[in-house]
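*Asks:* Just the structure for this:
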Amino acid sequence: MIFESAAFDGHEQVVFASDRDSGLRAVIAVHDTTLGPALGGCRLRAYAGEAEAVTDVLRLARGMTCKAALAGVPFGGGKMVVLAEPAAKTPALLRAVGRAIDRLGGRYITGEDVGTTVEDMAEIGAETRWVMGRPESAGGGGDPSPSTALGCFVGIEAAVRRALGRNSLAGVRVAVQGLGAVGFRLCRLLHEAGAALVVSDVDPERVARCRDALGAVTVEPEAILEQEAEVLAPCALGAVVDGATAERLRVRIVAGAANNQLASPEDGRILARRGILYAPDYVINAGGMIRLSGELTGDDAAASERKVRAIAGTLEQLFGLAEAEGLAPSDAADRLACERISAAAARGTRGR
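*Replies:* As a prediction, this is how the structure comes out:
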């Protein structure tokens, strides 16, 4: 049951969508629209079952609400997951995704996510106007991953200043898990700043590319969490830090692009007790949302980049709040996001 799920957090709306002809099976979760329509990507992957998909969409939608609140964009949080093998992604399936989104009348606006591309957004956009991140040739904002990577990079710089007292990444060892569009771009930025990279991915071609282009040390996927480094940058799927891994990590900082890096709130507290500085994922990885939301707010590329770079200042504020209040940074981020949403609700400025 949705209401009994541990991931349910007062979500305003959860919609199951299907289409017999295309084979679509999907779930859309609208978490909170206090600050505006719910923004969140469309994720397509082969889930083990409906329960796993529902848990994922509920957690992701809540994270998007917090991300928007702390990024200062006038939107709420939502998410869509499509239960499908990548090989099953067809134009007909994507068109069905668009029709499912369109039936919500603008309460949910989608974009690229794991398993979908900017080209897919154009196909979805043939059935609904509630989509961001179409190709630039089609009038959209294009690939948001460079902005996500930039936000993570300046966030890592902020975390290194805070935890290590260093103003440079030169010689800082960073273990990067996941070398997709965001992970590889982050590695390039880190390499250019002089960081030492150790990387892993389930795709051997991505690993080879990072090794050959950036001189990265490579390890098997199961070994990346065992690395001794200054920074761990999770850039794959979520829940990488659970009770067991939080206790055995050999890093000073966890700061990466993946959503929902903590399996539970307690895992953030374990990191804090161990003296490991955690950069809350929905703060540090907000660059893509900021860039895409510019399509709707009218920000140009320069204005969006300024807002992405401001992620560093938001993290510094959170780190200071956490230290002053004796909180884990993850708890400080949750509190600050809730305060901003509650203040907007009290002003009667709901974005429905």
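*Asks:* When you work out contacts or count neighbours from here on, use the C-alpha atoms and nothing else.
*Replies:* OK.
*Asks:* where do the strands sit along the protein?
*Replies:* 13-19, 24-32, 38-39, 42-45, 76-83, 108-109, 173-177, 196-200, 217-218, 231-234, 253-254, 277-278 (DSSP state E).
*Asks:* can you tell me how far residue 339 sits from residue 316?
*Replies:* 18 Å (C-alpha to C-alpha, to the nearest Å).
*Asks:* no no, residue 225
*Replies:* 25 Å.
*Asks:* So between the two, which is more surrounded?
*Replies:* Each of residue 225 and residue 316 has its neighbours counted (other C-alpha atoms under 10 Å); residue 225 has more, 23 against 18.
*Asks:* Now for the closest residue in space to the more buried one that isn't next to it in sequence, how many residues are close by?
*Replies:* Nearest non-adjacent residue to residue 225, counting by C-alpha to C-alpha, 6 or more residues apart in numbering: residue 249, 6.4 Å away. By other C-alpha under 10 Å, the residues close to residue 249 number 21.
*Asks:* Could you shift the numbering so residue one becomes 469, and keep it that way?
*Replies:* In the new numbering, first residue 469, that becomes residue 717.
*Asks:* tell me the contacts of residue 717?
*Replies:* If you count contacts by C-alpha atoms under 8 Å, 6 or more residues apart in numbering, residue 717 has them with 693-696.
*Asks:* Kindly indicate the member of those with the most neighbours.
*Replies:* In terms of neighbours by other C-alpha under 10 Å, the contacts of residue 717 top out with residue 693 at 23 neighbours.
*Asks:* got the strands of the chain as JSON lines, with distance to residue 711, mean pLDDT and mean neighbour count columns?
*Replies:* Output for the strands of the chain, formatted as JSON lines (distance: least, C-alpha to C-alpha, whole Å; pLDDT from 0 to 100; neighbours: other C-alpha atoms under 10 Å):
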{"stretch": "strand 481-487", "distance to residue 711": "29", "mean pLDDT": "97", "mean neighbour count": "15"}
{"stretch": "strand 492-500", "distance to residue 711": "26", "mean pLDDT": "98", "mean neighbour count": "26"}
{"stretch": "strand 506-507", "distance to residue 711": "30", "mean pLDDT": "96", "mean neighbour count": "30"}
{"stretch": "strand 510-513", "distance to residue 711": "25", "mean pLDDT": "96", "mean neighbour count": "22"}
{"stretch": "strand 544-551", "distance to residue 711": "26", "mean pLDDT": "98", "mean neighbour count": "30"}
{"stretch": "strand 576-577", "distance to residue 711": "33", "mean pLDDT": "98", "mean neighbour count": "28"}
{"stretch": "strand 641-645", "distance to residue 711": "18", "mean pLDDT": "98", "mean neighbour count": "27"}
{"stretch": "strand 664-668", "distance to residue 711": "22", "mean pLDDT": "98", "mean neighbour count": "25"}
{"stretch": "strand 685-686", "distance to residue 711": "26", "mean pLDDT": "98", "mean neighbour count": "18"}
{"stretch": "strand 699-702", "distance to residue 711": "16", "mean pLDDT": "98", "mean neighbour count": "27"}
{"stretch": "strand 721-722", "distance to residue 711": "15", "mean pLDDT": "98", "mean neighbour count": "24"}
{"stretch": "strand 745-746", "distance to residue 711": "15", "mean pLDDT": "98", "mean neighbour count": "26"}
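*Asks:* quick one, domains of this structure?
*Replies:* 481-606, 613-754+781-801 (automatic domain parsing).
*Asks:* Okay, now the unreliable bits of this protein?
*Replies:* Counting by pLDDT under 70, the low-confidence segments of the chain come to 817-820.
*Asks:* Need phi/psi at the residue nearest the centre of it.
*Replies:* Geometric centre of the chain, nearest residue: residue 727, 3.9 Å, by C-alpha atoms, centre = their mean. Here is the backbone geometry of residue 727 (degrees, to the nearest 10): phi -80, psi 150.
*Asks:* I'd like to check which residues are in contact with it.
*Replies:* Residue 727 sits next to 528, 531, 705-706, 749-750, 753 when contact means C-alpha under 8 Å, 6+ apart.
*Asks:* what about the helix ranked longest in the chain, distance to the chain center?
*Replies:* Assignment by DSSP state H gives helix 518-539 as the longest helix of the chain. Relative to its chain's centre, helix 518-539 lies at 9 Å (C-alpha atoms, centre = their mean, to the nearest Å).
*Asks:* what about the residue nearest to residue 535 when sequence neighbours are not counted, distance to residue 783?
*Replies:* In this structure, residue 535 finds its nearest non-sequential neighbour in residue 750, 4.7 Å apart by C-alpha to C-alpha, 6+ apart. Distance from residue 750 to residue 783, counting by C-alpha to C-alpha: 11 Å.
*Asks:* the helices in this protein, which residues?
*Replies:* Under DSSP H, the chain gives helices at 518-539, 559-570, 586-592, 613-632, 649-660, 672-682, 711-716, 733-741, 749-752, 755-765, 769-777, 779-793, 797-815.
*Asks:* Export those helices as TSV, with columns for distance to residue 492.
*Replies:* TSV is the format used below for those (distance: least, C-alpha to C-alpha, whole Å):
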stretch	distance to residue 492
helix 518-539	13
helix 559-570	6
helix 586-592	13
helix 613-632	26
helix 649-660	26
helix 672-682	30
helix 711-716	35
helix 733-741	33
helix 749-752	28
helix 755-765	25
helix 769-777	34
helix 779-793	36
helix 797-815	34
